[in-house]
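Peer 1: Below are the sequence and a predicted model; questions follow.
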Amino acid sequence: MDITDLNSYTGGFIGLISSAGPVAKAVVFVLLFFSVVSWTIFLYKWRQLSSVESDGDKFIRLARDSDSFKRLTTVYAENPDSPFYKLLANAYKEVTIRQKDGHTDAREVLTAVENILKATVAEETSRLERRLSFLATTANTAPFIGLFGTVWGIVDSFREIGLRGTTSLAVVAPGISEALITTALGLATAIPAVIFYNYHTNRLRSIASKMENASAYIVNLLSR
């Protein structure tokens, strides 16, 4: 496709949108909004989860090679945005508080640390899941929004037929065009959102599993 064809295609598409009725334009605007936000969330989450996965691999490697909890706190670099740093920091804080309060029962301390680690894993998993619900909402609602535009376009065509008393292509084409555009945009918005949601959900499961493994390593080091 050369530049002339591309400009003609783009102009034709924009022309169809500009000539559409107010309802069809509103549907297109809503779907474009959902699409832009979905892509933004996907890219943001991809960067965020990639960083967390990389830090998780590093943390587990250091925890596996450390011979004591103190050694792990020394060699692991501070990273306040990382769930794995928060696991380590919360465990250290809990141990310090217990020691200051005079708790010397090792089993009691380990139980308290296990509880705080479980709570931290749940909190961090919930934090990483933020904004993903929008992808699920987009995947579920976009096809129906597009379907609404489809139905409205067909109704428009029938109304024009009734008003003009003819079924010529010139009469029904505008409404059918609106119907096809909104249908296509609805699917084009929903399909990527489904893929993005499933992709990030699977990555979150993997990260949650790494956090549980990291918790087990922390408890094991403390038990020594």
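Peer 2: Yep, that arrived.
Peer 1: For whatever helix or strand residue 94 lives in, which outside residues touch it?
Peer 2: Residue 94 is part of helix 83-100, with elements assigned from DSSP states H and E. By Cβ atoms under 8 Å, 6 or more residues apart in numbering, the surrounding residues in contact with helix 83-100 are 52, 55-56, 59, 69, 72-73, 76, 78-80, 108-109, 112-113, 116-117, 120-121, 124-125, 127-128, 207, 210-211, 214-215, 218, 222. Just so you know, the C-beta spots here come from the backbone N, C-alpha and C atoms, and that holds for glycine as well.
Peer 1: mind running it again at 7 Å?
Peer 2: 52, 55-56, 59, 72-73, 76, 78-79, 109, 112-113, 116-117, 120, 124, 211, 214-215, 218, 222 (Cβ atoms under 7 Å, 6 or more residues apart in numbering).
Peer 1: That one: how far from the chain's middle?
Peer 2: Centre-to-centre, helix 83-100 and its host chain are 30 Å apart (Cα atoms, centre = their mean, to the nearest Å).
Peer 1: how many neighbours does residue 128 have?
Peer 2: 20 (other Cβ atoms under 10 Å).
Peer 1: what about it, distance to residue 91?
Peer 2: 19 Å (Cβ to Cβ, to the nearest Å).
Peer 1: how about the helix or strand following the helix holding residue 94: buried residues?
Peer 2: The first helix or strand that comes after helix 83-100 along the chain, using DSSP H and E, is helix 106-129. The neighbour-count check on helix 106-129 (16 or more other Cβ atoms under 10 Å) flags 109-110, 112-114, 116-117, 120-121, 124-125, 128 as buried.
Peer 1: Kindly report the same for stretch 137-153.
Peer 2: Buried, per 16+ other Cβ under 10 Å, within stretch 137-153: 138-139, 141-143, 145-150, 152-153.
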